[in-house]
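1. Got a sequence here, can you model it:
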Amino acid sequence: MEVRAGKGQKGNGIRRWVGWATVWGCLTLGAGAQQDGQSAKPPTPAPSGQSGAVLTGQLVDGQVAGVIFGSVSDSDGDLVPGAQVVLKSAGEAKERTTISHNDGRFSFSGVPPGEFEMTATAKGLAPGKLSGTLKPGAVFDAPAIRLGVATASMVVTVTPLSEHEIAEEEVRTEEKQRVLGIVPNFFVTYDEHPVALSAKQKYGLGVRAVLDPTHFAFAAAAAGVEQATDTYPGFGTGPAAYGKRYGAALATSTTSSLLIHSVYPSLFHQDPRYFYKGTGTGWQRTKYALSTAVIRKGDNGRWQPNYSTIAGSLTAGALSNLYYAPSDRHGAALTFENGLLSIAGEGVGHLVQEFVLRRFTTHAKGSPQP
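-> Down below sits the predicted model:
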């Protein structure tokens with residue numbers, strides 16, 4: 001009996017130890033299961049703007065975000081790499097920017113639903129835009145953003161010409177004017193509103209006229225007529241006499257031209273040119289042309305006594321005495337004779353200018369205005 005009783009107590013002790021072990025194992029397994037369950041849960045999405053890439057299906061400000069794919073191409077349909085694409089989304093306060101890949105494609109992830117607009121730019125191409133509406137959690141495959149050909153722009157700054165520059169243009173035009181394309185017709189302007197010439201321009205125009213080959217040809221022709229008619233017999237006859245007559249004629253015409261068209265106009269501030277009228281009755285134009293022998297327009301635009309022609313003709317007449325033989329000099333009489341002939345000749349010349357030479361003068365046109 002005692003042995004049985006001892007065996008029963010021993011069995012009860014073993015059962016108690018097994019019970020405690022079972023409880024401990026259950027507790028241990030439960031804790032492990034709890035830990036495994038926590039590690040298996042999906043990670044919480046990072047807030048938008050911190051991780052930089054929120055996938056579709058995630059929440060952005062309480063809304064299910066989406067993804068936008070697209071590409072950039074030129075007007076020919078060729079993909080454009082390296083283009084800058086700016087995304088403006090109605091659900092975001094700030095713009096996003098990305099660069100198209102080598103294949104011309106780009107993407108924006110974690111875009112909140114709603115209206116959006118994308119602008120693409122690339123060097124040498126005109127900007128392109130594309131807009132649309134992204135649905136919650138959607139993948140928007142946008143059509144290609146087309147970039148057109150950049151329009152070339154040119155800025156033109158117009159600077160008014162100064163009066164000196166306008167006068168230079170007038171002189172260049174007048175130096176091309178020739179009767180029948182041969183005989184110079186420099187000292188006439190067909191411009192309705194010409195500007196005054198500077199002293200340098202007056203001398204330039206005068207020197208250009210006396211250096212023209214036709215000036216020497218006319219002097220040679222005049223000397224030939226004097227030689228044939230034995231004018232100024234003090235020069236004698238023969239080739240040597242012709243040379244003297246030619247020298248005298250050339251010197252007289254040169255000094256007369258420079259004095260009337262350059263020297264005195266600069267001193268008296270008068271314009272050496274004839275201002276073509278071209279309008280009015282024939283009688284009005286005739287009076288105007290003849291009157292310019294004794295009146296001339298000043299640099300100030302007002303009509304004045306023609307000091308330049310009068311003084312120039314008398315001075316040239318006085319100097320002409322030096323070019324002829326003593327027996328052919330007549331002192332003051334020859335001076336005034338040549339002077340008056342020069343003044344009268346200018347009036348007749350202007351009359352021919354008004355009614356005849358205009359139609360035969362090449363390159364006769366107005367000069368630019370301010």
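
2. First residue to last residue on stretch 75-83, what's the distance there?
-> 14 Å (C-alpha to C-alpha, to the nearest Å).

3. can you give me the mean pLDDT across that stretch?
-> Averaging pLDDT along stretch 75-83 yields 93.

4. Stretch 244-260 too?
-> pLDDT averaged over stretch 244-260 gives 92.

5. Any buried residues in the strand or helix carrying Gly206, and which?
-> Following DSSP states H and E, one finds Gly206 within helix 199-210. Neighbour-count burial for helix 199-210, counted by 16 or more other C-beta atoms under 10 Å, picks out Gln201, Lys202, Tyr203, Gly204, Leu205, Gly206, Ala209, Val210. For the C-beta atoms, the positions are set from N, CA and C on the backbone; glycine is no exception.

6. Show me what it is packed against.
-> The helices and strands touching helix 199-210, judged by 3 or more C-beta pairs under 8 Å, 6 or more residues apart in numbering; DSSP states H and E, are helix 163-174, helix 239-258, helix 264-268.

7. Quick one: closest of these to Phe275.
-> helix 163-174 (11.6 Å; C-beta to C-beta).

8. So which residues make contact with that closest one?
-> 161, 186-189, 191, 194-198, 201, 204-205, 273, 363, 365, 367-370 (C-beta atoms under 8 Å, 6 or more residues apart in numbering).

9. relative to helix 199-210, how tilted is it?
-> 10 degrees (axes from the mean of the first three to the mean of the last three C-alpha atoms, to 10 degrees).

10. For whichever helix or strand comes after helix 163-174, which strands pair with it and how are they oriented?
-> Using DSSP H and E, the helix or strand that follows helix 163-174 towards the C-terminus is strand 178-179. As defined by DSSP bridges, the strand partners of strand 178-179 come to strand 183-184 (antiparallel), strand 361-362 (antiparallel).

11. what about the residue positioned nearest the centre of the chain, is that helix, strand or coil?
-> The chain has Val156 as the residue nearest its centroid, 3.9 Å off, counting by C-alpha atoms, centre = their mean. Here Val156 is recorded as coil under DSSP: H, G, I helix; E, B strand; the rest coil.

12. if we can go back for a sec, can you say which of the strands paired with strand 178-179 is nearest to Ser107?
-> strand 361-362 (72.3 Å).

13. Low-confidence ranges, the stretch 151-300 of the chain, go.
-> Scanning the stretch 151-300 of the chain with the threshold set as pLDDT under 70 gives 152-154.

14. which residues sit against stretch 140-148?
-> Here stretch 140-148 has contacts from 66-75, 77, 79-80, 83, 85, 104, 111, 118, 120-122, 125-130, 132, 134, using C-beta under 8 Å, 6+ apart.

15. Counting neighbours, show which residues of that stretch come out buried.
-> Neighbour-count burial for stretch 140-148 [16+ other C-beta under 10 Å]: Phe140, Ala142, Ala144, Ile145, Arg146, Leu147.

16. Quick one: those residues as JSON lines, columns for distance to Glu165 and pLDDT too.
-> Listed next are those as JSON lines, based on distance: C-beta to C-beta, whole Å; pLDDT from 0 to 100:
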{"residue": "Phe140", "distance to Glu165": "63", "pLDDT": "94"}
{"residue": "Ala142", "distance to Glu165": "58", "pLDDT": "93"}
{"residue": "Ala144", "distance to Glu165": "54", "pLDDT": "94"}
{"residue": "Ile145", "distance to Glu165": "51", "pLDDT": "95"}
{"residue": "Arg146", "distance to Glu165": "48", "pLDDT": "94"}
{"residue": "Leu147", "distance to Glu165": "45", "pLDDT": "93"}
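
17. Identify, from those, the entry nearest to Arg296.
-> Leu147 (67.1 Å).

18. Once you drop chain neighbours, what's closest to the closest one?
-> Nearest residue to Leu147 in three dimensions, chain neighbours excluded: Leu125, at 3.9 Å (C-beta to C-beta, 6 or more residues apart in numbering).
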